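Q: Below are the sequence and a predicted model for it; my questions follow.
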Amino acid sequence: MDGTANSNVEVNQRTAFGSTATQIGQQNNYYGISPDQACQMVVDLFMQNFPKLQDIARETAEIRATELCNEAIQKISSHGIQDFSSFADPDVQYILYEAQKNYARFGTSEMLENLSELIAKRVEHNDDLVLKVAIDKAIEIAPLLSQAQLNYLSLLFIYTRTQTNTIKTIQDLQVQFNYYISLLGKADFNSISYLNMLGCLQLGLHDIIDHLSKTYGFPKNEVEKNCPELIKNLSGDYMPSHIGVILAITNLEVQNGPKLNPQIWVR
């Protein structure tokens, strides 16, 4: 995928819609802090700082904190990271504690997936100041969003900020429409003010039909005729901010959509 059609278009989607990629296993050689040591360190930190609760509630909080830590470490390892020394970094510990607090309170499976993936991204990009600040904010905001609101951010991101270089015909575009509607169709289009208040959006006037026509070189009337109403309704005054992009990309991965590199957009 190239960025020639539009300055906001900067991604190459390398896999077909709905496809999966095979990962080759390799020997784990950990440096500095092992996964078990990292998890125990973070859970201990959480239990020392989380408000004192009655025994049952405290036990539940500890179980959830450990569950989140284990899930995050599993995702970090799947990203090819074998050095967990960043878990001793006060900056990383702070945001891990924030994530654990929220998961300890709410404990939903969706939050577990989103927060653990965000933590993995945070550790992976610990040396990129702009990106790690955006991920930190996304970790704080993610628990405040519903799945439908996350789906809206993902749709808005796909159709305002990306271009897929495998789309050569209007039929290819229809296939993409159908794919993303099946993946993200339960989207909340009524939370724009709320998402803007949380910093997930930024001003950016756009007409989806015009944008798709210019991006892919299709006649505007052909795009209009084939574009579903759900996608047309993305037209408006806002685009995803850096925080919104992080949340959108993470949600796509959690929903088994394409895996995209946030460094392309957040820089």
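A: On my side now, so go ahead. Numbering: from 1, shown residues only.

Q: now stretch 120-129: mean pLDDT?
A: For stretch 120-129, mean pLDDT is 91.

Q: what distance separates the start and the end of that stretch?
A: 16 Å (CA to CA, to the nearest Å).

Q: ok, residues contacting that stretch?
A: Here stretch 120-129 makes contact (CB atoms under 8 Å, 6 or more residues apart in numbering) with 72, 75-76, 78-79, 81, 84, 86-87, 89, 92, 95, 131-132, 135-136, 139, 246, 250, 262-263. The C-beta positions use only the backbone N, C-alpha and C, and glycine is treated the same way.

Q: Then stretch 169-178?
A: The contact list for stretch 169-178 (CB under 8 Å, 6+ apart) reads 17, 164, 166-167, 212, 216, 218, 222-223, 226-228, 231.

Q: cutoff 10 Å now
A: By CB atoms under 10 Å, 6 or more residues apart in numbering, the surrounding residues in contact with stretch 169-178 are 13, 16-18, 158-159, 164, 166-167, 185, 212, 215-216, 218-219, 222-223, 225-228, 230-231.

Q: Buried ones from the residues you listed, can you make that a ChimeraX selection?
A: The buried subset of the contacts of stretch 169-178, as determined by 16 or more other CB atoms under 10 Å, is captured in ChimeraX by this line:
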select :13,17,158,159,164,167,212,215,216,218,222,223,227,231
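
Q: mind listing which of the contacts of stretch 169-178 are in helices?
A: Ile158, Tyr159, Leu212, Thr215, Tyr216, Glu222, Val223, Lys225, Asn226, Leu230, Ile231 (DSSP state H).

Q: so who does the first one touch?
A: In other words, Ile158. If you count contacts by CB under 10 Å, 6+ apart, then Ile158 has 11, 13, 164, 176, 179-180, 183-184, 231, 234, 240, 248-249, 252, 257-258, 260 around it.
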